[in-house]
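Asker: Pasting the sequence and the predicted coordinates here, then a few questions.
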Amino acid sequence: MWNGLWKSALPLRRMLFAAAFSTGAYGFTMHKDRFEKLPMTSLSPNSFFSALGMTSKDSDVQTQCESSKAWPDPSPYEFMKVPDRTPEEKHAIFDLLLGNKMIEKYDVYKRPTGSTDDNVVIAHIKFGEHLDGHPGIVHGGILSLMFDDLLGFGFYSLGIPMAFTANLNVDYRAPVPAGTRVLIAAQLESREGRKLFWKAQMTSLDQKILYAEASSLYIVPRSDAGK
């Protein structure tokens, strides 16, 4: 009986969903070729993207993101090679996703030995145009992947040969348009035995836009606990 009622109510359910979606109840407004994430307020559709230096009418998002921006100087940070714990030809990023229109740049740097800088590692990343979730916006899962991978560089830079992700929590603060260049900085908040507690931020190159924040717990295997 309930199954029949549920199916018979399909037109009504579709109508209610459409009404909620069009009024912004889910925080999104639909346009011809993209979704724009809006604050849950009465702001106009352009308000959020204005903060990113863009408008919903501008179709060339990549040009907007690239204009008047240069990579920040990473010195005195030291460039890191890919850790040898996983062969590049089998790595999710360095084998499959690194390349034209995908993850077009992924450079990682570690703080110098003896440095007291809070940032253990930083990364310069450029997202291509084939990593979308919503049209024109980088998939949130890709952002999580980049956080997780950079933290792998983080423990390796501390001389720890192996650790595993126990949890990763990501708070998305602003949509990352396709073609965007970003900076990720990671800090080791504390170490308790085999537990490594991390936090990290993904920002625009000038650090004026916070795209996402992450916190994570890594566990060092018992065989490497003393390292």
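Answerer: Sure, I can see it.
Asker: what separates the closest residue to Phe127 other than its chain neighbours from Asn100, distance-wise?
Answerer: Nearest residue to Phe127 in three dimensions, chain neighbours excluded: Val138, at 4.9 Å (Cβ to Cβ, 6 or more residues apart in numbering). Any C-beta I mention is one placed from the backbone N, CA and C, and that applies to glycine too. As for Val138, its distance to Asn100 is 16 Å (criterion: Cβ to Cβ, to the nearest Å).
Asker: Pick out whichever of the two has more residues nearby.
Answerer: Val138 (25 against 9; other Cβ atoms under 10 Å).
Asker: What pLDDT does the model give the more buried one?
Answerer: Per-residue pLDDT puts Val138 at 96.
Asker: phi, psi of it?
Answerer: phi -60, psi 140 (degrees, to the nearest 10).
Asker: residues contacting it?
Answerer: Residues in contact with Val138 (Cβ atoms under 8 Å, 6 or more residues apart in numbering) are Phe127, Leu131, Asp132, Pro175, Val176, Pro177, Ala178, Thr180.
Asker: Now secondary structure, neighbour count and pLDDT too, for these, in a markdown table please.
Answerer: Listed next are those as a markdown table, based on DSSP: H, G, I helix; E, B strand; the rest coil; neighbours: other Cβ atoms under 10 Å; pLDDT from 0 to 100:
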| residue | secondary structure | neighbour count | pLDDT |
| --- | --- | --- | --- |
| Phe127 | strand | 28 | 97 |
| Leu131 | coil | 21 | 93 |
| Asp132 | strand | 16 | 94 |
| Pro175 | coil | 22 | 96 |
| Val176 | coil | 27 | 96 |
| Pro177 | strand | 21 | 96 |
| Ala178 | coil | 21 | 95 |
| Thr180 | coil | 25 | 95 |
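Asker: longest single strand anywhere in the chain?
Answerer: Assignment by DSSP state E gives strand 181-192 as the longest strand of the chain.
Asker: Identify each buried residue in that one, please.
Answerer: Of all the residues in strand 181-192, those buried under the rule 16 or more other Cβ atoms under 10 Å are Arg181, Val182, Leu183, Ile184, Ala185, Ala186, Leu188.
Asker: Between those, which sits nearest Gly152?
Answerer: Ala186 (10.1 Å; Cβ to Cβ).
Asker: How about that closest one: what's its closest non-neighbour residue?
Answerer: Ala200 (4.0 Å).
Asker: From the contact counts, what lies against the host helix or strand of that neighbour?
Answerer: Taking DSSP states H and E as the criterion, Ala200 maps to strand 195-204. Using 3 or more Cβ pairs under 8 Å, 6 or more residues apart in numbering; DSSP states H and E, the elements in contact with strand 195-204 are helix 140-157, strand 181-192, strand 210-219.
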